[in-house]
Structures are given as C-alpha cells and as structure tokens.
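**Student:** build the 3D model from these lines:
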Amino acid sequence: MPGFTTRPQLRGDFGMVASTHWLASATGMSVLERGGNAFDAVVAAGFTLQVVEPHLNGPGGEVPVVFQAAGAAPRVLCGQGVAPAAATIGAYGGMDRIPGSGVLAATVPGAFDAWMLLLRDHGTMTVRDVLDHAIGLAERGYPVLDRIAAAVTALRPVFSRHWAGSAAVYLPHGTAPAPGSRLRNPALAATYRRIVAEAEGAGGDREEQIEAARRAWSQGFVAGAVGDFLASPVPSGTGEPQRALLTAQDMADWSASYEEPVGVAYGTHTVHKTGPWGQGPTMLQQFRLAEALGTGHDVRDGISADFVHRVAEAAKLAFADREAWYGDPDFTDVPLKELLGPDYTAGRAALVDDARASMEQRPGRIGARSPFEPPLYVPGRTPGDRTTGEPTVRDAAVSNPADLRGDTCHVDVVDSFGNMVSATPSGGWLSSSPVIPDLGFPLGSRAQMFWLDPDSPNALAPRKRPRTTLSPTLVTREDGQAVLAIGTPGGDQQDQWTFTALLRILNGVDDLQEALDTPMFHTNAFPSSFHPRETVPGDLVVEPGVGEDTIAELMARGHRVQVAQPWSLGRLAAVARDPDTGELRAAADARASQGYAAGR
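**Tutor:** Numbers count the residues shown, from 1 in each chain. A predicted model of the protein is given here:
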C-alpha cells in the first residue's frame, strides 16, 4: 500500500528539475523547453538560486557537482575555491578557530567558474542564455522568503552600522524587507550584464564567449573589484577591522576542475560522491555500515527505533572518521580505501551497541596511524556578534541550537538524453561578509572549516581546499547508467538526511516523494563544521513524525533526544530515470514550503 506523500511524484519523459526554490526549478524547466540539455538547465538554475536564496548562497560561494553525461562515466566537478596563498596558520595570529564570518574566512569564489566550465564542456547554450533568468529576477525583483526577511531583520544593526554595501541591497529605504515583498539587486544584475557583454564581445563562438566570461570573473573586472574592496581593512560583524588574506591574484590563479568520484556498491547500485575534500564519503561509510549491521531492508515498513538508533550510531562513527581522516587529498594522505574496506567496516560495526547510545568520539585507527582528534567545544555563540557561520538564522527561543543548524541550496536535473546532474551550491550568503558595492554580492566564509592545528588532515594551508559539507549524490545501476540524483541542504546533516531517504529508495520505496517525506532525524554528536565548531554528545534531533513510542524507546537507549518542529529537517530534492523505458521522475521536499519539482 502506498505511503503518505505531501504532493505527487512527477512522471514524464521529456525532462525533470527539482530544487530548493520554485523559481530555480522553473528556470531549469524553461531552459529545457527552449532546447537546452540538463547541463544548460542546471547552470541557469544555479545562477537563479544565487538571486532568490541570498541568505543561503551567492556568487561569492562554491559548488560541487556530481554528474553523468549520456554515454560517459560519472564525474565530479570541483567548484570549491581554495585558501588564499597568504592563508597560513600563523596568519591567524594565535586564534584557536577561524571566524565563521567576515573576510578573514574567505576562500576563492568557486561557483561561477565551475558553472561556466560545466556549460562549456557539456552544455549547448550561451552565457546570455544561462544568465538571463537570474539577471531578470535581480533587476525586476523576486519574492522575499520568510527566512530572508528574518535573516535581514536579525542583521539590520550590522548592515546599518558596519556593512554599507549590504544595507544598500538588503535594507531598501532603511528597513528590512517584509516577507512576501519584492527585493531587487541591481548591482548584481549589472555585474552579470557586464559579463554577458564582455563574453559577446569576444565573438560569435560559444566556447570563446564562455572563456571570455571566465576571464572577466577571475582576471578581469570582478577580480579587480574584489581586490580593491579588500585592499583596506573591512569591518567584521562586530565592527572590528579585518585585513583579508584573499587577493585578486588568488582568483586569477585558480580554476574549477574535474575528477573521478568515489563510489561504493550497495545491492545492484553504486552510489557516487565527491572525494574526501567533501564529506561525501561519510555516506559511503554509512552504506558499508548499513550492510554490516543489516540496516535498511525493513525500512519500507516505516521508521522504527531500531532503524533510527543504528543509523545514528553508524553516523557517529562515520563523522568521527571525517574529522580524523578527511581533507584535501592534494595535501594529505586520506586512507579512503581502508575506510571503505570490509575489515575496517566490520570492526566499526562491532562498536554499535543496539541497547545503548554512545557518548564518545570514536574515530578508528588505520594500521599504525593514529586518528586526529579535534578539541571538543560546547555549544555557544560569540557574544554580541549577530553574523553567523552557517547560512541560517538561529532562534534564541530554541533551547538546543542544533535544531536549526545548517542550510544551503540544492538542484538536480535529468533530460531525455540521459544526462543527469546533482549540485549543491552554497557559500557567499548575506550573513557571511559585507556585500561588495561594485558587484552586489558578499564573499564566502568556507575557510572556517579548516582546523588551525597542523596535525589535522583538514589543517589550513595555502591553496588548499577546505573539507566542505556540500554533498550532492549520483546513483548508477549495474550497467553504469545513472538512475538517480539526490541531495539536500543542511551542512553536517546533508549526508544523514539524504542517506535516510536513499536507503529507503534503494530498498524498494519506488515513489520518490514518499521517500523524501520520510520523518527525518540526525545527530550532532561530532564536531560541527561551522564556527564555533561545537559538539553535542549523545544528541539526536528527530521530527515528531517518527512517533511517540519511537522517541520514548530512543530516550530509553540513552539518546539525548531533541524533538524538532514538524516538517523542519531537510529540504531534499531528487530526479530519477529508468534507462529501459525512458521514464523520468522527480520530487521535492515540502519542508520550508519553497522547494518544487517541475517536469513533463
């Protein structure tokens, strides 16, 4: 018997787009209808998300992409910018953690170059085509979400006192925009119009235009404006002047790149993720542990206490390994083969006690190598600083801030040719650092994810990628053809919420919407990736939909259960394709009342 769904799963054979905002999904579908492919559509949708979800991402941020072009193998596009050349541990002057906001935490903006590279190599449309919707929304205005209004209201004192560029965009007429009102960003529209003009000035060849746009960003007027803005100290959220480490030369020296994904088989499918410069392999470790623990085969029957307990305990082990071993593999030897191996997995699975929740950090040893164990910080915020390391608004009335941690954007696209893309754009949100007046967007703060301890595999180093939380997912079947793209916003929770939904899908829940509507849960019992890097031992956040009996049983096993608001955990999106019939499907989470799927 079919389970409960908040809305229907979409089915068709032309194209499908699912994202965290209806305007991004509509943009992607518009591009498909005009003859574009999945890559054209995802790029256009990505630029739209920068405009309509500015509290969650922006042009100064980054994007990882996992994709498969029809007839080719899965690939990863790394749009995660690196640390500046001057970003040494010593440059942070004795700090124990990199700030969560302000220009000290800026890495090279990576999203623009990544989107352009994907468009050049796999798309069919021009720079103008994929920027048209974003420019129009920035010029004419877009509807203000409740969360945008809440974020700007909370940050109004910072904008009006310290961040004049942010005030010019987000405090029109000196006041925060009301929910449902329209907000414009003419400076960002002008930036993108100039990029289009410079691209078309390079001639009529599509690829030459794209290369001209990339140069305008990394070596031209955009990089120049960033460099000029950072040439003098920039106030932090408390007004303290900060001398940035990022320079225009850092932008000129970096470009997006392709690499092989990391994948593990689960049943008749293979799950593909980014390398350990992202947290994606934690999901792969969780799949290995699920096999070892026998978790998931009965998940069609609902979310039981046994299921939640085992998934949460396995997540604690995987995320402890994340802190112990993950980092940019260009700089550190990440023992990924061992972490995903059967012997190591068996040893880790044996640590799971079905009767009791663990309160410890338990990273594993790899041969003679000892794991890095970071310091444990208790939950809390820097007094007097309204800016946030995470792209979300914290509600002081909530006793456990973990309830509201983490957010960003996500988009998945599939077309009738078999191209499939999963992308999680983030960074450069409006609470991260001041808007650069000449450009209309702030820089990102992804460097906060580095540790300032040289023993960490994720220790800060010049031109190194921070170990990000952004984690899109692609699934292929036995013959190598892509059948599913899925993901969610949510910081450290991304590979927990997506794992829960995906475990259901791969164990027989055919309706994507039903899988996404599953009551969600996650643990915060490991160091947060975001400043102030707190850990909440034994923490387990659940939606009330898991049921009172399940909650009571989890508490009896020792979990420190926090019951979140209904329908508050995750904003999943997914698209699927049946290579045998050509049928396409899509679904988007109803949580937050803004994600939608579109297709036919």
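**Student:** now the residue minimising distance to the centre of the chain: closest residue in space, sequence neighbours ignored.
**Tutor:** The residue lying closest to the centre of the chain (C-alpha atoms, centre = their mean) is Leu470, at 3.4 Å. The shortest distance from Leu470 to any non-neighbouring residue, by C-beta to C-beta, 6 or more residues apart in numbering, is to Thr424 (4.3 Å). For every residue, glycine as well, the C-beta is placed using N, CA and C.
**Student:** that neighbour touches Pro472, doesn't it?
**Tutor:** Yes. Taking C-beta atoms under 8 Å as the definition, Thr424 is a contact partner of Pro472 at 4.7 Å.
**Student:** joint contacts of the two?
**Tutor:** Contact criterion C-beta atoms under 8 Å, 6 or more residues apart in numbering; residues shared by Thr424 and Pro472: Pro64, His410, Gly487.
**Student:** is it possible to get CSV of these that adds distance to Thr48?
**Tutor:** Putting these into CSV (distance: C-beta to C-beta, whole Å) gives the following:
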residue, distance to Thr48
Pro64, 18
His410, 13
Gly487, 17
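**Student:** so among those, which ones count as buried?
**Tutor:** Among those, those classed as buried by 16 or more other C-beta atoms under 10 Å are Pro64, His410, Gly487.
**Student:** can those go into JSON lines with extra columns for distance to Ala564, secondary structure and pLDDT?
**Tutor:** Converted to JSON lines, these look like this (distance: C-beta to C-beta, whole Å; DSSP: H, G, I helix; E, B strand; the rest coil; pLDDT from 0 to 100):
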{"residue": "Pro64", "distance to Ala564": "27", "secondary structure": "strand", "pLDDT": "98"}
{"residue": "His410", "distance to Ala564": "20", "secondary structure": "coil", "pLDDT": "97"}
{"residue": "Gly487", "distance to Ala564": "20", "secondary structure": "strand", "pLDDT": "97"}
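**Student:** tell me the contacts of Val169?
**Tutor:** Asn185, Ala187, Leu188, Val435, Gly440.
**Student:** number of nearby residues for the fourth one?
**Tutor:** Put plainly, it is Val435. Per other C-beta atoms under 10 Å, the neighbour tally for Val435 reads 28.
**Student:** partner residues bridging it?
**Tutor:** Applying DSSP bridges to Val435 yields these beta-bridge partners: Pro442.
**Student:** wait, it sits on Phe441?
**Tutor:** Yes. Applying C-beta under 8 Å, one finds Val435 in contact with Phe441, separated by 6.2 Å.
**Student:** picking that back up, my guess is the residue nearest to the centre of the chain contacts Gly79, does it?
**Tutor:** No. The pair Leu470 / Gly79 is not scored as a contact, 9.1 Å apart, by C-beta under 8 Å.
**Student:** between these two, what contacts are shared?
**Tutor:** Common contact partners of Leu470 and Gly79 (C-beta under 8 Å, 6+ apart): Glu62, Val63, Pro64.
**Student:** and which of these is nearest Val43?
**Tutor:** Closest approach between these and Val43, by C-beta to C-beta: Val63, at 10.0 Å.
**Student:** beta partners for that closest one?
**Tutor:** With DSSP bridges as the criterion, Val63 is bridged to Gly79.
**Student:** show the pLDDT at it.
**Tutor:** Confidence at Val63, expressed as pLDDT, is 98.
**Student:** so who does it touch?
**Tutor:** Val63 sits next to 46, 77, 79-80, 110-111, 114-115, 423-426, 470 when contact means C-beta under 8 Å, 6+ apart.
**Student:** now, which of those lie within strands?
**Tutor:** Taking DSSP state E as the definition of strands, the contacts of Val63 contribute Leu77, Gly79, Ala423.
**Student:** thinking again about what came up before, and the residue nearest to the centre of the chain, how far from Ser422?
**Tutor:** Shown here: Leu470 relative to Ser422, a distance of 11 Å by C-beta to C-beta, to the nearest Å.
**Student:** helices of the stretch 351-500 of the chain, start to end?
**Tutor:** Assigned helices in the stretch 351-500 of the chain, in chain order: 494-506 (criterion: DSSP state H, counting those that start in this stretch).
**Student:** ranges for the strands of it?
**Tutor:** 411-415, 420-423, 435-436, 441-442, 473-477, 482-487 (DSSP state E, counting those that start in this stretch).
**Student:** got those strands as CSV, with distance to Arg140 columns?
**Tutor:** Formatted as CSV, these follow (distance: least, C-beta to C-beta, whole Å):
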stretch, distance to Arg140
strand 411-415, 22
strand 420-423, 25
strand 435-436, 19
strand 441-442, 18
strand 473-477, 34
strand 482-487, 29
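**Student:** quick one on the thing from earlier: show the pLDDT at the residue nearest to the centre of the chain.
**Tutor:** Listed pLDDT for Leu470 reads 97.
**Student:** next up, phi/psi of it, please.
**Tutor:** Main-chain torsions, Leu470, degrees, to the nearest 10: phi -70, psi 130.
**Student:** contacting residues for it?
**Tutor:** Glu62, Val63, Pro64, Gln80, Thr274, Gly278, Thr408, Thr424, Pro425, Ser426, Gln494.
**Student:** one more pass at 6 Å, please.
**Tutor:** By C-beta atoms under 6 Å, 6 or more residues apart in numbering, the contact list for Leu470 reads Pro64, Thr424, Ser426.
**Student:** can you get me a residue count around Ala164?
**Tutor:** If you count neighbours by other C-beta under 10 Å, Ala164 ends up with 14.
**Student:** for the residue nearest to Trp115 when sequence neighbours are not counted, give me phi and psi.
**Tutor:** Nearest non-adjacent residue to Trp115, counting by C-beta to C-beta, 6+ apart: Val43, 4.7 Å away. As for Val43, its main-chain torsions (degrees, to the nearest 10) stand at phi -70, psi -50.
**Student:** was I right to think Ala574 contacts Arg585?
**Tutor:** No. Counting by C-beta atoms under 6 Å, Ala574 does not reach Arg585; the two are 8.2 Å apart.
**Student:** identify the contacts common to the two.
**Tutor:** Taking C-beta under 6 Å, 6+ apart as the criterion, Ala574 and Arg585 both touch Leu512.
**Student:** out of those two, name the residue with the larger neighbour count.
**Tutor:** In terms of neighbours (other C-beta under 10 Å), Ala574 is the more surrounded of Ala574 and Arg585; the figures are 32 against 24.
**Student:** list phi and psi for that one.
**Tutor:** Per-residue torsions, Ala574: phi -160, psi 150 (degrees, to the nearest 10).
**Student:** relative to Phe4, how far out is it?
**Tutor:** Separation of Ala574 from Phe4 (C-beta to C-beta): 17 Å.
**Student:** which of the contacts of Val63 sits closest to Leu569?
**Tutor:** Thr424 (16.7 Å).
**Student:** I'd like the distance between the closest one and Arg128.
**Tutor:** Thr424 sits 26 Å away from Arg128, going by C-beta to C-beta.
**Student:** so these two - more neighbours on which side?
**Tutor:** The residue with more neighbours, out of Thr424 and Arg128, is Thr424; 34 against 17, by other C-beta under 10 Å.
**Student:** where does the more buried one land on pLDDT?
**Tutor:** The score at Thr424 is 98. That number is its pLDDT.
**Student:** still on that earlier bit, isn't the residue nearest to Trp115 right up against Asp132?
**Tutor:** No. Using C-beta under 6 Å, Val43 is not in contact with Asp132; the gap is 11.5 Å.
**Student:** more crowded one of these two?
**Tutor:** In terms of neighbours (other C-beta under 10 Å), Val43 is the more surrounded of Val43 and Asp132; the figures are 34 against 20.
**Student:** check the gap between that one and Pro186 for me.
**Tutor:** Distance from Val43 to Pro186, by C-beta to C-beta: 22 Å.
**Student:** could you do Ser160 as well?
**Tutor:** 20 Å.
**Student:** and if you look at Ile195?
**Tutor:** 15 Å.
**Student:** out of those two, which sits in the more crowded spot?
**Tutor:** Between Ile195 and Pro186, counting by other C-beta under 10 Å, Ile195 is the more crowded of the two (25 against 15).
**Student:** contacting residues around Val563?
**Tutor:** Contacts of Val563 by C-beta under 6 Å, 6+ apart are Pro544.
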